[in-house]
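Engineer: Here is my input; please provide its structure:
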Amino acid sequence: MTVAEAFSIFKSELELPDSKQAQASKAQQDIRARTANHLYVSDSLLTGSYARHTKIYPLDDIDILLMRNVERVGLSSNGGGPSPNQALDDVAEAISKAYPLTSTIKKQSRSINTQIKGLDFGFDIIPAWLRNPDGYWIPDTDSNLWIPTNPEWHSQLMTEANVRLQQRLKPVIKMMKHWNRNNYELLRSFHLELICKDIFAATELPNYPVGVATVLVNLAKYAGKPMMDPAYSYCRVDKPLSQDDDNKLVARINYDAGNAIQAVQLENAGYHTMAIDKWKHIFVHGFPKCEVLPILRTKM
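Structural biologist: Below is the predicted model:
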């Protein structure tokens, strides 16, 4: 097996299987429709990494935005509607009525996390008000404010970058999310997407091994540094880290960056088995094994 073949297998295994894709599609349509029976919703849309096609398997949650008004409002007002806390409570109540026997509900700072019995993934349901002149206001109970977001612009941003990089950016993002999941998970999903996009803003992405190596080599300078939502530069997308967490994340990044450089060098020298072993060590779990074919001996 070559390194290119191993990465091709790895890429496909990070994708949502067709059966799970169909299940997720049906489930998100169902929860949007059933919630709207118990709560005024002018419209709804998928957001987050599931909508941007940067979610990796297995699924943890699917983000859904529920629009609660029809006219765009400015400033940080929701046009006389409920407080952030009340807006989330209203969604929780509607979901409870829609799924009285099968839902498990958890209130978060900006969404209601919902697990439905029988599904191996959940939903983050976010109430939103249309924002003037664009985007949406969503609740933040930590600050008790309505904060701006623009998920459609986020999707466009990532899609345009992916097209420019010959459709290779999103697969590299998924690979880095897998790396993050197996190495402390201290980088938030959207934060990691924006880091990858930023790294390749002026750099080519010729193939997946070089792409992942390039991210790891540059990743340490982003660790522990605030990054704002590019839509409005209002909210941080990074996860604030303690000094201990920052230190261990940077140490792991630097260690794996060194291994990634060696893996690319080994591949270029024709040592694919050794290169694959390096990548297996970097990703911890899930990277394909390099199977050694038995030597066939002929009878004398």
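Engineer: how much distance is there from stretch 9-19 to the middle of the chain?
Structural biologist: Mean-position distance between stretch 9-19 and its chain equals 15 Å (CA atoms, centre = their mean, to the nearest Å).
Engineer: which residues are in contact with that stretch?
Structural biologist: 24, 55-57, 59, 171, 174-175, 178, 208, 283, 286-288 (CB atoms under 8 Å, 6 or more residues apart in numbering). For every residue, glycine as well, the C-beta is placed using N, CA and C.
Engineer: I'd like the next helix or strand past the top helix by length along the chain.
Structural biologist: For the chain, the helix with the greatest residue count under DSSP state H is helix 243-268. Per DSSP states H and E, the first helix or strand lying C-terminal to helix 243-268 is helix 272-283.
Engineer: Tell me how many other residues crowd the nearest residue to residue 224 once chain neighbours are set aside.
Structural biologist: Setting aside the residues directly before and after it, residue 224 is nearest to residue 246 in space (CB to CB, 6 or more residues apart in numbering), at 4.0 Å. By other CB atoms under 10 Å, the residues close to residue 246 number 15.
Engineer: my guess is residue 246 meets residue 225, correct?
Structural biologist: No. In this structure, residue 246 is not within contact of residue 225 by CB atoms under 8 Å, at 9.5 Å.
Engineer: quick one on the thing from earlier: name the nearest of the contacts of stretch 9-19 relative to residue 113.
Structural biologist: Residue 113 lies nearest to residue 59 out of the contacts of stretch 9-19, by CB to CB, at 13.1 Å.
Engineer: what's the pLDDT at the closest residue to the closest one other than its chain neighbours?
Structural biologist: Of all residues not flanking residue 59 in the chain, residue 121 sits nearest, at 3.6 Å (CB to CB, 6+ apart). For residue 121, the pLDDT comes out at 89.
Engineer: Now residue 36. Nearest residue, chain neighbours left out?
Structural biologist: residue 44 (7.3 Å).
Engineer: repeat for residue 181
Structural biologist: In space, residue 181 is closest to residue 56, 7.6 Å off (CB to CB, 6+ apart).
Engineer: Then residue 195?
Structural biologist: Among residues not flanking residue 195 along the chain, residue 222 sits closest, at 5.0 Å (CB to CB, 6+ apart).
Engineer: On the three-state scheme, the one you found is what?
Structural biologist: Following DSSP: H, G, I helix; E, B strand; the rest coil, residue 222 is assigned to coil.
Engineer: The spatially closest residue to residue 161 that is not a sequence neighbour is in what secondary structure piece?
Structural biologist: Leaving out its chain neighbours, the residue that sits closest to residue 161 by CB to CB, 6+ apart is residue 197, at 4.8 Å. Using DSSP H and E, residue 197 sits in helix 189-199.
Engineer: now do residue 124
Structural biologist: strand 122-130.
Engineer: Check which residues of the helix or strand just after that strand are buried.
Structural biologist: Moving toward the C-terminus from strand 122-130, the next helix or strand (DSSP H and E) is strand 136-140. Buried positions in strand 136-140, judged by neighbour count with 16 or more other CB atoms under 10 Å: 136, 137, 138, 139.
Engineer: The last one and residue 262: what is the separation?
Structural biologist: The one in question is residue 139. Remark: distance between residue 139 and residue 262 (CB to CB, to the nearest Å) = 47 Å.
Engineer: can you check the second one too?
Structural biologist: Separation of residue 137 from residue 262 (CB to CB): 48 Å.
Engineer: Great, nothing more from me.
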